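Enquirer: Return atomic coordinates for the entry below.
(chains A and B)
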Protein chains: 2
Amino acid sequence: MSFFRRGRRARASAPHITPRSEAIAVARVELAELTPPTKVYLGQLAYLALILFENLSRAVILAPTTEAKTTLSRATAEMLHAHEALVSEMRAAGIDPVAAMEPFRLELDDFRRRTQGADWPETLVTCYLTGGFLTDFFTGLAAGLPSALSQRVSLLLDIDTGQQALVEQLRSSIEASPRLASRLAMWGRRLVGDTMLVARSSLAIGGQLPGEERIEPVFTELISAHTRRMDVLGLTA
Amino acid sequence: MSFFRRGRRARASAPHITPRSEAIAVARVELAELTPPTKVYLGQLAYLALILFENLSRAVILAPTTEAKTTLSRATAEMLHAHEALVSEMRAAGIDPVAAMEPFRLELDDFRRRTQGADWPETLVTCYLTGGFLTDFFTGLAAGLPSALSQRVSLLLDIDTGQQALVEQLRSSIEASPRLASRLAMWGRRLVGDTMLVARSSLAIGGQLPGEERIEPVFTELISAHTRRMDVLGLTA
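Expert: Coordinates of the predicted model:
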């Protein structure tokens, strides 16, 4: 779901688009012991994929050109595919997918409403930043899953079409209307707060929140990755 | 895109859900000579698939339960797949997909805005009725495409997961709130008017609208199919 890698390799001249490797390397080490039970992890991630799909489909609906609609619809299809693959993983493991997703509905629906954005550029920023942050986070948590499942989920989270398209659309919107940059920078700052709250609350599922000393290194790295995503857009984090 | 068949076979005790075979048989005979050039047909249908996808994704966003979201997301994925397959057909034929879709953007975006519905039940009715009507119509027009393409497009339009799900969700909404029926019946009547206008204007692309005597038998059959779709919901057409 963090999309990127092919795009990044293909455009060596553009600024680095994602710092996934560093952020994930740290997150995987720090998060492996905090991974919730498989049912909880898969249910939460599957509902999150629905939410990220809803944001992307909203970006398709609001897109002002046929080209943008077509490009973003491909990213949307990949996110839906990830959701369906997670549902299949649950079925294969004898887990009822609806029951596993249900505990996360209210919080994640509320998160989506608060972060959906007021117009097309804000919605694109939402897809780019919350998608990137939470994909890094859940890829880190995947390190603690049973080994074969961990590999499959990590692959699933490594699909990479969307963010390149989001960055290109956003860059041309910002170029066409430079005053947009400060509004989107503010929006990005607000998003990272809401997104971190969702990630933190994931760690508390089924028990107490781990101590700050366990959480802090992970979040430091995830926030650095967020800052680098903002940089790619030319926005101040 | 009219989804159905598997569902219908699997639930022999439920009322007939779609009258596709009859409506399409008539439409194919009557419409074969009115089929626009391949580029126009594929461009228009690909943009229409985007619009139908946008309606379905809106239904996912508005869905009040995890189960409804998951079920409808599968229908949404199939519609996106149809859109992508049409884009691939255009590329394979040396047609620029964006240029081919562009002439239909304003009219179809406007159609979507006028028909999106005010809430979840109205949006479901929109997906069910406009999706059914326009799929019948374009399946009829496909009869006039070059033979191999005609077969591939007809197969593409015969995907069938969504409408069964839409009917089930609508039936339970109407049971839970009987007063909804009269509101949805009115909504259905308004939709068929707007949908017919879109279909009629398709026939005029690249030339004059054919005479009423050519159009009437097709529309009589498509409207009968629409009435039967309303019947399945227990609504008066």
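Enquirer: so A:F53 touches B:R74, yeah?
Expert: No: the pair A:F53 / B:R74 is not scored as a contact, 11.8 Å apart, by C-beta atoms under 8 Å. In short, each C-beta sits where N, CA and C put it, glycine included.
Enquirer: Just want to know which of those two has more residues nearby.
Expert: A:F53 (28 against 17; other C-beta atoms under 10 Å in any protein chain shown).
Enquirer: what helix or strand does that one sit in?
Expert: For A:F53, the host element (DSSP states H and E) is helix A:38-62.
Enquirer: That helix and chain B, are they touching?
Expert: Yes: Helix A:38-62 lies within reach of chain B by C-beta under 8 Å from any C-beta of the partner chain, at A:Y47, A:L50, A:F53, A:E54, A:S57, A:R58, A:V60, A:I61.
Enquirer: same check, this time on stretch A:124-144
Expert: No: counting by C-beta under 8 Å from any C-beta, chain B has no neighbours in stretch A:124-144; the shortest distance is 13.3 Å.
Enquirer: looking only at pLDDT, what's the mean for that stretch?
Expert: Regarding stretch A:124-144, the rounded mean pLDDT is 94.
Enquirer: swap in stretch A:85-98?
Expert: For stretch A:85-98, the per-residue pLDDT averages 97.
Enquirer: Check which residues of it are buried.
Expert: When neighbours are counted by 16 or more other C-beta atoms under 10 Å in any protein chain shown, the buried residues of stretch A:85-98 are found to be A:A85, A:L86, A:V87, A:E89, A:M90, A:I95, A:P97, A:V98.
Enquirer: I'd like to know which elements the one helix or strand A:E84 maps to is packed against.
Expert: According to DSSP H and E, A:E84 maps onto helix A:66-92. Applying 3 or more C-beta pairs under 8 Å, 6 or more residues apart in numbering or on different chains; DSSP states H and E, one finds that helix A:66-92 contacts helix A:38-62, helix A:97-101, helix A:147-156, helix A:162-176, helix B:38-62, helix B:66-92, helix B:97-101.
Enquirer: how does it look with 6 Å?
Expert: Packing partners of helix A:66-92 (3 or more C-beta pairs under 6 Å, 6 or more residues apart in numbering or on different chains; DSSP states H and E): helix A:38-62, helix A:97-101, helix A:162-176, helix B:97-101.
Enquirer: what comes into contact with the following helix or strand past the third one?
Expert: To tie it back to what came earlier, the one meant is helix A:162-176. Proceeding N to C from helix A:162-176, the next assigned helix or strand is helix A:180-203, under DSSP H and E. Helix A:180-203 is contacted by residues A:34, A:111, A:114-115, A:121-122, A:125, A:129-130, A:133, A:137, A:174, A:226, A:230, A:235-236 when judged by C-beta atoms under 6 Å, 6 or more residues apart in numbering or on different chains.
Enquirer: ok, so of these, who is nearest A:A25?
Expert: Relative to A:A25, the closest of the contacts of helix A:180-203 is A:F137; by C-beta to C-beta it sits at 13.4 Å.
Enquirer: The strand or helix carrying the closest one to helix A:147-156, inter-axis angle?
Expert: Element membership for A:F137, per DSSP H and E: helix A:120-142. Helix A:120-142 and helix A:147-156 are oriented at 160 degrees to each other (axes from the mean of the first three to the mean of the last three C-alpha atoms, to 10 degrees).
Enquirer: hang on, the earlier thing: may I see the helices and strands packed on helix A:66-92 organised as a markdown table, with distance to B:A143 added?
Expert: Below are the helices and strands packed on helix A:66-92 laid out as a markdown table (distance: least, C-beta to C-beta, whole Å):
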| stretch | distance to B:A143 |
| --- | --- |
| helix A:38-62 | 30 |
| helix A:97-101 | 40 |
| helix A:162-176 | 36 |
| helix B:97-101 | 20 |
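Enquirer: who wins for proximity to B:A25 among the ones you listed?
Expert: helix B:97-101 (28.5 Å).
Enquirer: The closest one near chain A anywhere?
Expert: Yes: for helix B:97-101 and chain A, the contact criterion (C-beta under 6 Å from any C-beta of the partner chain) is met by B:V98, B:M101.
Enquirer: now what about that helix, what contacts it?
Expert: For helix B:97-101, contacts defined as C-beta under 6 Å, 6+ apart pick out A:T66, A:E67, B:K39, B:G43, B:A46, B:Y47, B:V87, B:M90.
Enquirer: Of those residues, which qualify as buried by neighbour count?
Expert: Looking at the contacts of helix B:97-101 with 16+ other C-beta under 10 Å, the buried ones turn out to be A:T66, B:K39, B:G43, B:A46, B:Y47, B:V87, B:M90.
Enquirer: Which members of these are the farthest-apart pair?
Expert: A:T66 and B:K39 (14.3 Å).
Enquirer: Smallest gap between chain A and chain B, at which residue?
Expert: Of all residues in chain A, A:S57 sits closest to chain B, at 3.4 Å by C-beta to the nearest C-beta.
Enquirer: who are the neighbours in contact with that residue?
Expert: Neighbour list for A:S57: A:T76, B:S57 [criterion: C-beta under 6 Å, 6+ apart].
Enquirer: one more time with 10 Å
Expert: Contacts for A:S57 (C-beta atoms under 10 Å, 6 or more residues apart in numbering or on different chains) come out as A:72-73, A:75-76, A:79-80, A:127, B:53-54, B:56-58, B:60-61, B:73, B:76, B:80.
Enquirer: low-scoring stretches of chain A, by residue?
Expert: When residues are selected by pLDDT under 70, those of chain A lie in A:1-21, A:160-161, A:204-209.
Enquirer: Residue nearest the middle of it, spatially speaking?
Expert: A:G131 (2.0 Å; C-alpha atoms, centre = their mean).
Enquirer: Contact partners for the closest residue to A:S73 other than its chain neighbours?
Expert: Residue nearest to A:S73 in three dimensions, not counting chain neighbours: A:V60, with 5.3 Å by C-beta to C-beta, 6 or more residues apart in numbering or on different chains. A:V60 sits next to A:68-76, A:123, B:50, B:53-54, B:57, B:80 when contact means C-beta under 10 Å, 6+ apart.
Enquirer: Ok, A:T70 next?
Expert: A:V60, A:A63, A:A165, B:A46, B:Y47, B:L50, B:H83, B:E84, B:V87, B:P97, B:V98, B:M101.
Enquirer: Same list (the residues you listed) but as a markdown table, adding distance to B:R28.
Expert: Listed next are the contacts of A:T70 as a markdown table, based on distance: C-beta to C-beta, whole Å:
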| residue | distance to B:R28 |
| --- | --- |
| A:V60 | 31 |
| A:A63 | 34 |
| A:A165 | 38 |
| B:A46 | 21 |
| B:Y47 | 22 |
| B:L50 | 24 |
| B:H83 | 23 |
| B:E84 | 25 |
| B:V87 | 24 |
| B:P97 | 25 |
| B:V98 | 29 |
| B:M101 | 24 |
